[in-house]
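following is a predicted model, sequence given first.
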Amino acid sequence: MKICRITPTYPSDINPGIGLPSYYMTKNIKYDTLLITRKRPGKILESPEHTKIILIPYFDSTISDKKGINKKIALLIKISGYLTFFMLSIFHILKFRPHIVHIHTPMPIFHAIFAKYILNSKIVTTFHGTDINSLKKWSILNILVKKSDKICYVSKSMSNKLKYFFNPTKLVYTPSGVDTDFFTPIPIEINRDNTILMVGNLRWQKSYNIALIAFNKFLQNNPGWTLKIAGSGPLKQNLIEITEKLNISNSVKFLGTCSRHTILKLMQKSKLLLLSSKSEAFPKVILESISTGTPIVVTNVGSCAEIANLTSGEVAPPEEPEELCNAIKKLANNPEKWKKSSILSRKIALDYSWDNTSKDVVNVYQSLIKP
């Protein structure tokens, strides 16, 4: 079987946190593979012997934070970029002649449609979360993605939304995974710092402002704790101003973009991982956290509550700082509950190893290619 995997993102030494599903699936699924991705700054992670990687440069632009004419220009750049990506991929797809084209976001659908009708390839499309929103905005994308032979989704909470657009018989749950060999816990008897860790881009979806308000409330009866935020983004200055207004600047550390190894060390030393998002699917950071035995406090979005409930973590409704503060207290102020959650977290994480979750994808491939 020959697999052509197409993804705009792929991990590199500069940004090791992007494109991890396509990286680990490629690593663990041993079929002959052609991986086509966008060329970005930095050196991409080493590929396995059965894989050839094609890096294609093209322009891209974010749309969600633009308005008016700037949004139209950004949209034009994005469409032009994907068309360039498609045109420069054609030769490589024709030469490889894949049995299956797996696109890790619906945007490269032209690649898949081309292979389906020219080479008789099967199409597998994976939705990772917010990309579902594009189906409502772009009816043409909806029509094209319907040509997929199988449609995978990483969060059970996405199921009902996808059933609205697609035939349920095409839908397959293929959860996100975690590198349990890398994200390992420290011995349970070693004391951790009184630190709450947050990891992610500083964007509106993550609701860091709510987290800061909740942390301020938590500090009132729990002095000496620190909130560390690993990530960068357009809201950094705004968040700094909030910490100054709340007079908690000395207790909040903005770490910027951190390497994978730094994230590991931060998780191993922290008491809790906090996720305050108002919109998520299945964020990889919660799996990485539980894999290190670090209990999680999350909002009830996407699959976050599902993982928190499995690991005796805590869940709060989104956009409710008082409830989020109470959720933090329940773990931070209860050593026995924390220990139970830490041990259980690692146990559950092993079920989500990339080796296990990649097998789900192999089953999808094999169902499409009959002997």
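Great, that's in hand. Numbers count the residues shown, from 1 in each chain.

show me what the worst-scoring helix or strand of the chain on mean pLDDT packs onto, helices and strands only.
When the helices and strands of the chain are compared on mean pLDDT, DSSP states H and E, helix 133-137 comes out lowest with a mean of 76. With contacts defined as 3 or more Cβ pairs under 8 Å, 6 or more residues apart in numbering; DSSP states H and E, the packing partners of helix 133-137 are helix 139-145. Just so you know, the C-beta spots here come from the backbone N, C-alpha and C atoms, and that holds for glycine as well.

contact partners of the helix it packs on?
For helix 139-145, the external contacting residues (Cβ atoms under 8 Å, 6 or more residues apart in numbering) are P106, M107, I109, F110, I113, T125, S134, L135, I151, F165, F166.

residues near the fifth one, how many?
Here the number of neighbours of I113 (other Cβ atoms under 10 Å) works out to 19.

can you pull the contacts of it?
I123, L144, K147.

what would those residues look like in CSV with distance to G233?
Compiled in CSV, those are given as follows (distance: Cβ to Cβ, whole Å):
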residue, distance to G233
I123, 33
L144, 31
K147, 35
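
please, a ChimeraX command that selects the buried ones among the residues you listed?
Buried residues within these, by 16 or more other Cβ atoms under 10 Å, are selected in ChimeraX with:
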select :123,144
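
give the closest residue to P57 in space, chain neighbours not counted.
Excluding the flanking residues, the one nearest P57 by Cβ to Cβ, 6 or more residues apart in numbering is K39, at 4.3 Å.

neighbours around that neighbour, how many?
Neighbours of K39 using other Cβ under 10 Å come to 12.

distance check, it against Y58.
With distances taken as Cβ to Cβ, to the nearest Å, K39 is found 8 Å from Y58.

where does pLDDT dip in the stretch 251-371 of the chain?
Scanning the stretch 251-371 of the chain with the threshold set as pLDDT under 70 gives 371.

show me where it has helices.
Applying DSSP state H, counting those that start in this stretch to the stretch 251-371 of the chain gives helices spanning 260-269, 284-291, 304-310, 321-332, 335-351, 354-368.

redo the contacts of helix 139-145 as TSV? Include distance to F218 and secondary structure.
Listed next are these as TSV, based on distance: Cβ to Cβ, whole Å; DSSP: H, G, I helix; E, B strand; the rest coil:
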residue	distance to F218	secondary structure
P106	40	coil
M107	40	coil
I109	45	helix
F110	49	helix
I113	51	helix
T125	41	strand
S134	37	helix
L135	39	helix
I151	41	strand
F165	41	helix
F166	42	coil
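
buried set for the helix or strand where L76 lies?
Here L76 sits within helix 68-96, counting by DSSP states H and E. Using 16+ other Cβ under 10 Å as the test for burial, helix 68-96 gives A74, I77, K78, G81, Y82, F85, F86, S89, I93, F96.

from the contact counts, what lies against it?
If contacts are counted by 3+ Cβ pairs under 8 Å, 6+ apart, helix 68-96 sits against strand 2-7, strand 32-38, strand 51-56, helix 109-119.

most neighbours per residue, which of the ones you listed?
Ranked by mean neighbour count, those are led by strand 2-7 with a mean of 24 (mean count of other Cβ atoms under 10 Å).

can you give me the pLDDT of H102?
pLDDT for H102: 98.

ok so, going back, of the helices and strands packed on helix 68-96, which is nearest S367?
For the helices and strands packed on helix 68-96, the distance to S367 is smallest for strand 2-7, at 13.9 Å, taking Cβ to Cβ.
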